[in-house]
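**Q** Sequence first, then the predicted structure:
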Amino acid sequence: MRLSRYFLPVLKETPAEAQIASHRLMLRAGMIKQSSAGIYSWLPLGYRVLRNIERIVHEEQQRAGHIPMLMPTLQSADLWRESGRYDAYGPEMLRIRDRHDRDMLYGPTNEEMITDIFRSHVASYRDLPMTLYHIQWKFRDEVRPRFGVMRGREFFMKDGYNFDVSYEDAMYAYDRHMVSYLRTYERMGLKAIPMRADSGPIGGEDTHEFLVLADTGESEVFYDSAITDLTLGDRTIDYDDRASLRAVCEEWTTPYARTDETHDEEAYASIPEERRRTSRGIEVGQIFYFGTKYSEAMGAIVTNEDGERVPVHMGSHGIGVSRLVGAIIEASHDDKGIIWPEGVTPYRAGIVNLRQGDAEADAACEQLYAALGDAGLDPLYDDRDERAGAKFATMDLIGLPWRITVGPRGLAKGVVELTSRRTGESEEMSIEAAVERLREIYAGV
Ligand SMILES: Nc1ncnc2c1ncn2[C@@H]1O[C@H](COP(=O)(O)OP(=O)(O)OP(=O)(O)O)[C@@H](O)[C@H]1O
Ligand SMILES: [Mg+2]
């Protein structure tokens with residue numbers, strides 16, 4: 001993409017309504033525009049990040065054997081009457097009436113709808129285990145939408161639902177979700193800690209929330225610092241191997257980590273003092289096992305191996321896809337702007353032409369632009385007729401992890417400059433070497 005032909009409505013002023021860095025930076029970098037309270041348009045740059053996050057979520061869910069599909073945003077109230085939640089849900093649910101006076105709602109979640117799909121088509125344990133998921137817009141009429149996309153009213157969420165014939169199989173699904181979530185967040189450059197949580201209105205037994213540590217988080221968290229050293233790195237995960245999945249889950253759930261809702265002072269006090277940490281956290285996902293709550297209420301019954309008719313064991317598992325855009329920025333920015341992790345960056349490298357209109361500089365930039373494109377390394381080329389300082393400020397604000405600066409002085413020596421947004425360090429090299437270096441950097445992403 002050439003910046004001269006792009007739509008990147010960068011703001012010079014800091015928007016007054018934004019209280020936290022991610023909201024401020026998303027507005028300043030031209031990523032989103034509020035349309036009404038808690039409802040946003042995703043402008044081109046923001047949309048690219050949202051899509052990258054969505055893609056990683058899809059890849060990791062399908063790696064775990066979960067099946068993608070898509071359910072509608074509007075749902076019939078009748079299904080929710082069956083589960084009893086139409087009355088229980090409260091004012092967060094946006095209720096709509098259609099022209100035939102039928103009660104509808106904008107889905108805040110999809111347990112009822114997926115249970116209805118399941119019961120219509122599946123009757124035997126032979127079709128299980130099965131986990132279906134979708135990534136779709138949700139609406140919750142939050143009392144206080146705030147912090148931009150972090151607490152929106154309309155937000156993009158991955159929600160998955162497992163159907164299993166036994167408690168043991170449902171726990172295997174729980175473990176698949178925990179491990180796939182750990183991988184998902186790691187690929188986004190995030191440290192998200194699974195914490196024992198309260199089950200809240202969905203009603204559950206086993207549940208963990210995944211929290212990204214950040215001062216601006218809405219939850220108070222308590223944890224053993226040992227948990228922040230854990231990484232999956234390039235471990236191979238075999239999702240068919242139940243025992244090894246359990247081992248990974250145990251590794252992550254053994255060190256103490258709780259939100260204020262389930263915090264246990266006594267257990268916390270038993271952690272060596274120098275490892276006790278308390279902080280704020282942003283909830284970027286949650287996994288639940290809730291047993292037969294919906295299957296019993298809605299008649300999602302299968303025959304088991306012994307020919308008995310039993311309600312299926314279910315769980316639901318969510319990732320805040322749009323919230324993650326904000327959470328990643330909260331975890332990765334400085335006073336100049338955003339610093340995207342390579343896994344989610346909207347463009348993989350920025351090209352800054354220091355002397356637009358100079359035949360040699362223009363030609364070198366074109367060569368670089370083509371070479372990066374050919375290597376699958378989507379560049380954003382700042383080809384505007386602007387001062388170098390303004391171009392650098394834009395690149396720093398929008399946070400591409402790598403910048404290549406092209407100018408007459410370097411070209412006289414046959415080099416361009418490759419700069420890391422994170423460290424600020426620069427290195428001079430040929431155009432070919434810069435492309436090769438970026439290819440290596442992105443090979444594992
Ligand atoms: N209003 C919202 N705006 C953006 N993302 C949200 C919002 N509500 C929930 N999410 C995201 O969707 C994920 C799954 O939804 P879940 O039902 O667990 O939310 P929740 O526990 O009600 O969230 P919260 O406690 O933050 O209100 C959450 O972990 C969060 O990342
Ligand atoms: Mg939650």
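**A** Looks like it came in fine. Ligands and ions are numbered 1, 2, ... in the order given.
**Q** give me every residue that touches the residue in the chain positioned nearest to ligand 1.
**A** Across the chain, no residue is closer to ligand 1 than residue 320, which sits at 2.2 Å (C-beta to the nearest ligand atom). Bear in mind the C-beta positions are built from the backbone N, C-alpha and C, glycine included. Taking C-beta atoms under 8 Å, 6 or more residues apart in numbering, we find residue 320 in contact with 155, 157, 283-285, 327.
**Q** Swap in 6 Å and give it another go.
**A** Shown in contact with residue 320 (C-beta atoms under 6 Å, 6 or more residues apart in numbering): 157, 284.
**Q** Quick check: closest non-adjacent residue to residue 245.
**A** residue 175 (4.3 Å; C-beta to C-beta, 6 or more residues apart in numbering).
**Q** The one you found falls within a helix, correct?
**A** Yes. Counting by DSSP: H, G, I helix; E, B strand; the rest coil, one finds residue 175 located in a helix.
**Q** Could you count how many residues lie near residue 333?
**A** Around residue 333 there are 18 other residues, counting by other C-beta atoms under 10 Å.
**Q** so who does residue 215 touch?
**A** Going by C-beta under 6 Å, 6+ apart, residue 215 touches residue 280.
**Q** and what of residue 300?
**A** By C-beta under 6 Å, 6+ apart, the contact set of residue 300 is 115, 118-119, 312.
**Q** Out of these, which sit inside helices?
**A** Per DSSP state H, helices hold the following members of the contacts of residue 300: 115, 118-119.
**Q** how about the residues you listed in CSV, adding neighbour count, distance to residue 61 and pLDDT?
**A** CSV is the format used below for these (neighbours: other C-beta atoms under 10 Å; distance: C-beta to C-beta, whole Å; pLDDT from 0 to 100):
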residue, neighbour count, distance to residue 61, pLDDT
115, 24, 19, 98
118, 23, 18, 98
119, 18, 23, 97
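**Q** Quick one: those residues as a markdown table, columns for distance to ligand 1 too.
**A** What follows is the ones in helices among the contacts of residue 300, written out as a markdown table (distance: C-beta to the nearest ligand atom, whole Å):
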| residue | distance to ligand 1 |
| --- | --- |
| 115 | 16 |
| 118 | 20 |
| 119 | 22 |
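**Q** can you give me the helices in the stretch 301-445 of the chain?
**A** Here the stretch 301-445 of the chain has its helices, by DSSP state H, counting those that start in this stretch, at 321-331, 359-374, 388-398, 408-413, 431-443.
**Q** is any part of stretch 172-180 close to ligand 1?
**A** No. Figure legend: stretch 172-180 not in contact with ligand 1 (C-beta under 6 Å from any ligand atom); closest approach 12.1 Å.
**Q** So what touches that stretch?
**A** Stretch 172-180 is contacted by residues 60, 64, 131, 162, 164, 237, 239, 242, 245-246, 248-249, 287, 289, 315, 317 when judged by C-beta under 6 Å, 6+ apart.
**Q** Which elements pack onto the longest strand seen in the chain?
**A** Counting by DSSP state E, the longest strand found in the chain is strand 276-291. Here strand 276-291 touches helix 167-187, strand 206-213, strand 219-224, strand 313-320, helix 321-331, going by 3 or more C-beta pairs under 6 Å, 6 or more residues apart in numbering; DSSP states H and E.
**Q** ok, how many other residues are close to the residue lying closest to residue 60 once chain neighbours are set aside?
**A** In space, and not counting its chain neighbours, residue 60 is closest to residue 184: 4.4 Å by C-beta to C-beta, 6+ apart. Neighbour count of residue 184, defined by other C-beta under 10 Å: 27.
**Q** Distance-wise, check residue 184 relative to residue 206.
**A** To residue 206, residue 184 is 19 Å away according to C-beta to C-beta, to the nearest Å.
**Q** And residue 333, by the same measure?
**A** Counting by C-beta to C-beta - residue 333 and residue 206 are separated by 34 Å.
**Q** do the same with residue 270
**A** Taking C-beta to C-beta as the measure, residue 270 falls 22 Å from residue 206.
**Q** So these two - more neighbours on which side?
**A** residue 206 (16 against 11).
**Q** where does the stretch 251-400 of the chain come near ligand 1, residue by residue?
**A** Residues of the stretch 251-400 of the chain lying close to ligand 1 (C-beta under 6 Å from any ligand atom) are 283-286, 318, 320, 322-323.
**Q** Recalculate using a threshold of 5 Å.
**A** Within the stretch 251-400 of the chain, the residues that sit near ligand 1 (C-beta under 5 Å from any ligand atom) are 283-286, 318, 320, 323.
**Q** The stretch 51-200 of the chain against ligand 1: which residues are in contact?
**A** Contact residues (C-beta under 5 Å from any ligand atom) of the stretch 51-200 of the chain with ligand 1: 151-152, 155, 157.
**Q** Would you mind giving the residues you listed as a markdown table with secondary structure, neighbour count and pLDDT added?
**A** Shown next, in a markdown table, are these (DSSP: H, G, I helix; E, B strand; the rest coil; neighbours: other C-beta atoms under 10 Å; pLDDT from 0 to 100):
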| residue | secondary structure | neighbour count | pLDDT |
| --- | --- | --- | --- |
| 151 | strand | 19 | 97 |
| 152 | coil | 26 | 98 |
| 155 | strand | 22 | 98 |
| 157 | strand | 22 | 98 |
